[in-house]
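Asker: fold the following.
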Amino acid sequence: MSLIDKIKKHVTLFAPFDTGLDADGSRGDGRATFEASVVAHDPGGGRYGGALAFSAADHGWGEDEFTFRAKDNFPYSASTFSGTISMWLCGDPEADLSPECPVDPFHVSRRAADGSFYLDLTKPNDDRYGSPRHLRFGIYNDSEENNRFANGQLVVIGELGWRHDEWHHIVATWRNANSGKADGVAEVYIDGVRRGSSRR
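Answerer: Just a heads-up that it's a prediction; the model follows:
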């Protein structure tokens, strides 16, 4: 059995970007859509091989710079479910991103505060967090209220200290989303160290 076949048993979407921008393994559509003026494939620029190169210093707010279809690639369920997002990131968020906008390395949602899961880097001088940028992991269960102050969990991590030439491994994991009980858990690990958690 090949490595990809083994990974597909446990992972719904696997995109190492070694040979291109499409996913190497997926349970849904593995074809990437992207804005060519912002995103490019760098075959030798990754931590272990290829990379998705995102040029965003002069790019404003958008939600379609690089996407995969969520259907079957994200294991969402209206009943209790758990999951994990894992990625490598390289760059200095203060110098490499537009100072006008937050940036979401990962985002999937029905609406902003309804069936929403995201990792984002806040914008500088944010009215809630100030500067430098903070990393946030947000979860909102199924919610007809669509209220960002209810039914959600938010893990906020500051003091990242990332530099332009350093790679960091980010893992965001959750348990018991949509259980209808106060038993949900969200955690964020950076380079193998748990940096934040939320329980409800």
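Asker: ok, and the closest non-adjacent residue to S79?
Answerer: N178 (6.0 Å; C-beta to C-beta, 6 or more residues apart in numbering). For glycine as for every other residue, the C-beta is placed from the backbone atoms N, C-alpha and C.
Asker: is it true that A23 touches F68?
Answerer: Yes: between A23 and F68 a contact is recorded at 6.4 Å, counting by C-beta atoms under 8 Å.
Asker: from the contact counts, what lies against whichever helix in the chain runs longest?
Answerer: Ranked by residue count and defined by DSSP state H, the top helix of the chain is helix 3-8. In terms of contacts (3 or more C-beta pairs under 8 Å, 6 or more residues apart in numbering; DSSP states H and E), helix 3-8 is packed against strand 13-14, strand 25-26.
Asker: hang on, the earlier thing: name the residues contacting each of A23 and F68.
Answerer: Residues touching both A23 and F68 (C-beta atoms under 8 Å, 6 or more residues apart in numbering): 13, 15, 30-32.
Asker: now the buried members of those.
Answerer: When the shared contacts of A23 and F68 are checked for burial by 16 or more other C-beta atoms under 10 Å, the buried set is 13, 15, 30, 32.
Asker: dump the residue contacts of the first one.
Answerer: The one in question is L13. Counting by C-beta under 8 Å, 6+ apart, L13 makes contact with 23, 25-28, 30, 68, 73-74.
Asker: go on, the last one?
Answerer: Neighbour list for A32: 15, 21-23, 66-68 [criterion: C-beta under 8 Å, 6+ apart].
Asker: which of the residues in the one helix or strand in the chain whose mean pLDDT sits lowest are buried?
Answerer: Every helix and strand of the chain was ranked by mean pLDDT, DSSP states H and E. The lowest is helix 3-8, at a mean of 78. Residues of helix 3-8 classed as buried: K8 (neighbour count, 16+ other C-beta under 10 Å).
Asker: switch to numbering from 15
Answerer: With the count now opening at 15, the last piece we talked about shows up as helix 17-22.
Asker: how far off centre is it?
Answerer: Centroid separation between helix 17-22 and its chain, computed with C-alpha atoms, centre = their mean, to the nearest Å, is 22 Å.
Asker: check stretch 197-209 too.
Answerer: 13 Å.
Asker: and for stretch 124-142?
Answerer: Centroid separation for stretch 124-142 versus its chain: 11 Å, with C-alpha atoms, centre = their mean.
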